[in-house]
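Trainee: just the structure for this:
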Amino acid sequence: MDAAPFAPPQSIRHGARGAFRAAGLGLALCLGLAACSDRPVNSPYPADDEAANTLYSSFTEQPKHLDPALSYSSNEYALIGQIYEPPLQYHYLKRPYQLMPQTLTALPQVTYLDGAANPLPGDAPVGAIAFSEYMLELRARIRYQPHPAFAQAADGSYRFHRLSDAELARIHTLADFGETGSRELTAEDYAYQIKRLAHPRLHSPIAELMKHYIVGLDDLAERLKPEAEKSGFIDLRPWQLEGVRTVDAHRLVIRVRGKYPQFRFWLAMPFFAPMPWEADGFYSQPGLADKNITLDVYPVGTGAYMLTENNPNRRMLLERNPNFHEERYPAEGEAGDGAAGLLADAGKRLPFIDRVLFTLEKETIPYWNKFLQGYYDASGITSDSFDQAVQFSQRGEAELTAALREKRIDLQTSTSASIYYMGFNMLDPVLGGYGEAQRKLRRALAIAVDYEEYIAIFLNGRGIPAQGLLPPGLFGYREGAGGVNPYVYDWVDGVAKRKSLDEARRLLAEAGYPDGREAATGKPLVLYLDAAGGGVDDKSLFNWYRKQFTKLGIQLVIRATDYNRFQQKMRDGNAQIFTWGWNADYPDPENFFFLLHGANAKVGKDGENAANYRNPEFDALFENMRNMDDGPERQRLIDALQEIARRDSPWLFGIHPQNFTLHHHWYRNLKPNQMVNNQLKYLHIDAGSRAAARAAWNRPVRWPLGFLLVFFVFLVGVAWNHYRHRVQAQAS
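Mentor: Have a look, this model is predicted:
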């Protein structure tokens, strides 16, 4: 009898169909992925940011203050320097650092007055000058960024200066206000900010210093105290300040006591940026601080950028200020700037970059990897990444490794306007004093403590030995043979060479300590280094210090303590040897030589002269030099001050640290400048070159897709064989 046609059971058919469907889906997935674009799949930014004119940077901790009356740290200046505009700024390219107008038509005109407020000639002796008046003339048509504080209703009243409870309830960020306004910058805005320095609630870090100079600022602070004890907004416009006078909408006069030419440097700092009263009143409204809507979070300025997003747990975003006034890139700089490409944008309107995105990065290794992938435009160099980035030539010059050169990464080095030194307490009976024996003892130690070795071991070569008090870049600093400390170095074949240990031993013997022992008693010379710290990380450094003194047969005892106790020992004059440092407040030699001014001693004066150095000859020269205008005579006095300090050697001058910065080839116009706070407006990004480099450096790894394709083909074969065997089994 004939058999009926065979049909496999439903379960077998459905199983085979499922296997084929899975295999087909997997194959389609592989082919789909293979057909994807070349855009890097590891990009931390949205796809529409690829060609954006955005600079990508990072931050590690939330800035505490963005209010210019309070801010005084570098991570805060990285933001507010782009937003606020003090009257003056530093030339971006020229060295030594050179002041130039920012919102002014020209540098301030200075008039000297006697005690009766009568004008004096410009060359009047310092002792005759009772006051100095600075006339500031503002440029016209400079406008503030769009901000709700300026928004007005149809009747001209301010839209958001009297928020109702209902309005306040729907507001969570500054963007929720929905409406903004603007107005022109006036001289009164600068006067208002200077008054804020005296505001008792603000506690500005420069208030006490400025009370000493700006006429009437101390009196204003006293008059404001009763009002500050009350709650609510203090409108400072009607409060008179004797030393600040607005002539008209665009002219302001500031009167300071005596001759104080360093005041011009303060006029380049955010402390003296303009503050519109509207912003002060707006942020003083009850309830806004509870929502974190304050001047410390959302600044208001006239600068090239405005802060449109401030999320300290994720990111901060600067965007181009649409109201930014006309400003051009410098047309001249130093020798070599043209060859370095730093004048390619000469005369072009600023800024060049539309947005600057700061992303929170708490770990250095992820940041470094993202920089190598092109997702950050520049990077510092930590100890973890130093060997990957930098190597030293046979001449000791820092250069990039081959891997970074292949990526066309550039290295920028700059010397900080700072000094780190080892100081001697000049009140100490052994190391202090001004006799020739004491000088020779200190100079012997200056030769023996090898700061070239220190820089190599502890700073990865990032520093230069200091030859005196002044760091490079300041007026008065001398390059080459004329700037060498002749008591510690010889000038040999065009370089400074540290004197030999034999010379140090000779000086030590002449000081009365042959081979490190007292000549009279034969007892070993024991010296004491007081230091803050003493943890595990300090062990190698302390051992290095001991080794340096041992070269001369001197025993060095480290007395480590906590920082508060260390400071108290310094104030009491109980330390013998110590290490300290100083970062410039402004680029003037006065800001370094005052560290050895007798009137500024730590003991008795609580000043910054930690060595308690007091030399009448030095003090007299300093008093003449400090308020002198830059020129040949001031240079002569600076040279004389350097010679006295080198001869007496109250310090081992130590090092000037260097900054090493890496940046990609698409990042242009980058020139390190320790004093410039508003550098972002000068920078230039080639977004197209960046996108191409990112695509090349972050190509997707496609071989796993091929593996998956083979695997799915294998699954199809297994499913087919399983199906055939089941069919044959059913047929039999």
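Trainee: any idea how far the strand ranked longest in the chain is from the chain center?
Mentor: Identified as the longest strand of the chain according to DSSP state E is strand 651-663. Offset of strand 651-663 from its chain centre (CA atoms, centre = their mean, to the nearest Å): 14 Å.
Trainee: can you check stretch 629-638 too?
Mentor: 29 Å.
Trainee: go on, stretch 216-223?
Mentor: 32 Å.
Trainee: now do it, average pLDDT.
Mentor: For stretch 216-223, mean pLDDT is 98.
Trainee: do the same with stretch 609-619
Mentor: pLDDT averaged over stretch 609-619 gives 97.
Trainee: CA atoms only: put the longest strand of the chain into CSV for me.
Mentor: Provided in CSV are the C-alpha atoms of strand 651-663 (Å, rounded to 0.1, in the frame of the first residue of the first chain):
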residue,chain,number,x,y,z
TRP,A,651,68.2,81.7,51.8
LEU,A,652,69.3,78.8,49.7
PHE,A,653,67.5,80.2,46.7
GLY,A,654,66.1,76.9,45.7
ILE,A,655,64.0,76.5,42.5
HIS,A,656,61.6,78.1,40.2
PRO,A,657,59.0,75.4,39.3
GLN,A,658,58.2,74.8,35.6
ASN,A,659,54.9,73.8,34.2
PHE,A,660,54.7,71.2,31.4
THR,A,661,51.6,71.3,29.3
LEU,A,662,50.7,69.0,26.4
HIS,A,663,48.3,70.0,23.6
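Trainee: which residues touch stretch 213-221?
Mentor: 131, 194-195, 197-200, 207, 210-211, 239-244, 254-258, 260, 263 (CB atoms under 8 Å, 6 or more residues apart in numbering). C-beta here means a position set from N, CA and C on the backbone, and glycine is covered the same way.
Trainee: mind listing what's buried in that stretch?
Mentor: Within stretch 213-221, the residues scored as buried using 16 or more other CB atoms under 10 Å are 213-218, 220-221.
Trainee: and stretch 94-108, by the same measure?
Mentor: So for stretch 94-108, counting by 16+ other CB under 10 Å, buried means 95, 97, 99, 101-104, 108.
Trainee: do stretch 653-672 as well
Mentor: Result for stretch 653-672 [16+ other CB under 10 Å]: buried residues 653-660, 662-664, 666-672.
Trainee: Glu510 contacts Arg439, correct?
Mentor: No. Assessed by CB atoms under 8 Å, Glu510 is found out of contact with Arg439, at 10.1 Å.
Trainee: these two: which has the busier surroundings?
Mentor: Comparing Glu510 with Arg439 by other CB atoms under 10 Å, the one with more neighbours is Arg439, at 18 against 14.
Trainee: and that one, its phi and psi?
Mentor: phi -60, psi -40 (degrees, to the nearest 10).
Trainee: now do the contacts for it.
Mentor: Contacts of Arg439 (CB under 8 Å, 6+ apart): 647-649.
Trainee: helix or strand for Pro205, which one?
Mentor: Per DSSP states H and E: Pro205 is located in neither a helix nor a strand.
Trainee: neighbours of it, just the number please.
Mentor: Count around Pro205 with other CB under 10 Å applied: 15.
Trainee: show me where the stretch 301-450 of the chain has its helices.
Mentor: 364-372, 386-389, 402-406, 436-448 (DSSP state H, counting those that start in this stretch).
Trainee: oh, that last question was meant for the stretch 501-650 of the chain, not what I typed.
Mentor: 501-510, 539-550, 563-572, 590-593, 616-626, 632-648.
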